[in-house]
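> coords please:
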Amino acid sequence: MKLCFTGLTDKGIVRTVNQDSYYIDKPQGRFFIVADGMGGHAGGQEASKIATERIQAHLEAYWDDLDISSEVLLKEAIDKANQGILEDQSNNPERKDMGTTVVVTIFRDRPWCAHVGDSRLYRWRNDKLEQVTEDHTWVSLALRAGEISKEQAKVHPWRHVLSQCLGRKDLYSIELQELDIQPGDLLLMCSDGLTEEVSDEDIQNLLSQCNDYEQAAEKLIAAAKQAGGSDNITVVIVGEDS
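Sure thing, here's the model as predicted:
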């Protein structure tokens, strides 16, 4: 499958710095990364940067090693990223609270995704948008347990509290899944700066209205900023090259 892709990031309206990072494997399009850092200006920027660079380096180093499955390769890459952030915390105590979410998609023998935190992967198919990843947040856990409703989850004061992120010694689970991708599908990877401001329904409608990926990315960023732009916003769009 030959892929077409684009990425765009913006600091938003409220934040003075951009703590998001993303990486697109150009021109091959083998893998894609979005990371959303936290822990103060310097800390958040550094955490997402370390995660993106460590994952990129590991994937590139072992991509052609066919003895390593895609699932294992992804897990090892994210483990390396977590170790890198922990090392930086130890060497720089002023950044001891930094961390980052991450979502990674690879196209190797088969397409796979890994994520930690609340940066998301969506699949857009036949003009319908579906969230592929499940947020690692307190609200998401409570919602799945039936303790709160979807309406309560949207406005809950704990909706930003992560149950998992990189930069923690107790990282206990990296979500890994093989992706079901068909011709005509589009994948959207994003930080929560998009999804906090723009509903899934509105994202779906915007994607349906756009003629190309660059236009779609620009419109999604603009919509998030128009809705308040309270956080950094990053989108990566991947699909089959027609």
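> List the contacts of I233.
9-10, 12, 20, 190-191, 193-194, 197, 220-221, 224-225 (C-beta atoms under 8 Å, 6 or more residues apart in numbering). C-beta coordinates here come from the backbone N, C-alpha and C atoms, glycine included.
> Check which helix or strand the residue nearest to it when sequence neighbours are not counted maps to.
Leaving aside its sequence neighbours, I233 sits nearest to G193 (C-beta to C-beta, 6 or more residues apart in numbering; 3.7 Å). G193 belongs to helix 192-195 when assigned by DSSP states H and E.
> same for that helix, what does it pack against?
With contacts taken as 3 or more C-beta pairs under 8 Å, 6 or more residues apart in numbering; DSSP states H and E, helix 192-195 sits against helix 213-226, strand 233-240.
> Can you pull out the residues in contact with the strand or helix carrying L59?
L59 belongs to helix 41-62 when assigned by DSSP H and E. By C-beta under 8 Å, 6+ apart, the list of residues contacting helix 41-62 from outside reads 16-23, 25, 30-31, 33, 35-39, 68, 73, 76-78, 80-85, 88, 94-95, 97-100, 102, 104, 106, 166-167.
> and if we set it to 7 Å?
Applying C-beta atoms under 7 Å, 6 or more residues apart in numbering, the contact partners of helix 41-62 are 17, 19-23, 31, 33, 35-39, 68, 73, 76-78, 80-81, 84-85, 88, 95, 97-100, 102, 104, 106, 166-167.
> from the residues you listed, which would you call buried?
19-23, 31, 33, 35-39, 73, 76-78, 80-81, 84-85, 88, 95, 98-100, 102, 104, 106, 166-167 (16 or more other C-beta atoms under 10 Å).
> What about these, which are in helices?
Using DSSP state H, 73, 76-78, 80-81, 84-85, 88 are the members of the buried ones among the contacts of helix 41-62 that sit in helices.
> so which of the residues you listed would you say is closest to Y122?
Closest approach between these and Y122, by C-beta to C-beta: I78, at 19.8 Å.
> Next up, phi/psi of the closest residue to the closest one other than its chain neighbours, please.
What sits nearest to I78 in space, not counting adjacent residues and going by C-beta to C-beta, 6+ apart, is I174, at 5.1 Å. Main-chain dihedrals, I174, degrees, to the nearest 10: phi -110, psi 120.
> so is T133 in a helix, a strand, or just coil?
Under DSSP: H, G, I helix; E, B strand; the rest coil, T133 falls in the coil class.
> So the residue lying farthest from the centre of the chain: helix, strand or coil?
For the chain, the largest distance from the centre (C-alpha atoms, centre = their mean) belongs to D67, which lies 27.1 Å off. Per three-state DSSP, the secondary structure class of D67 is coil.
> who's in contact with G7?
22, 24, 217, 235-236.
> what about the residue nearest to I78, neighbour count?
20 (other C-beta atoms under 10 Å).
> and what of L129?
Residues within reach of L129, counting by other C-beta under 10 Å, total 19.
> go on, R30?
16.
> ok, for it, nearest residue in space, not its chain neighbours?
Among residues not flanking R30 along the chain, F107 sits closest, at 5.9 Å (C-beta to C-beta, 6+ apart).
> what's the answer for D36, then?
S191 (4.0 Å).
> rewinding a little: Throw the helices and strands packed on helix 192-195 into JSON lines and include distance to Q204 and mean pLDDT, thanks.
As requested, the helices and strands packed on helix 192-195 are arranged in JSON lines below (distance: least, C-beta to C-beta, whole Å; pLDDT from 0 to 100):
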{"stretch": "helix 213-226", "distance to Q204": "11", "mean pLDDT": "97"}
{"stretch": "strand 233-240", "distance to Q204": "13", "mean pLDDT": "95"}
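> Check those for me and report the most buried one.
Among the helices and strands packed on helix 192-195, strand 233-240 has the highest mean neighbour count (mean count of other C-beta atoms under 10 Å), at a mean of 24.
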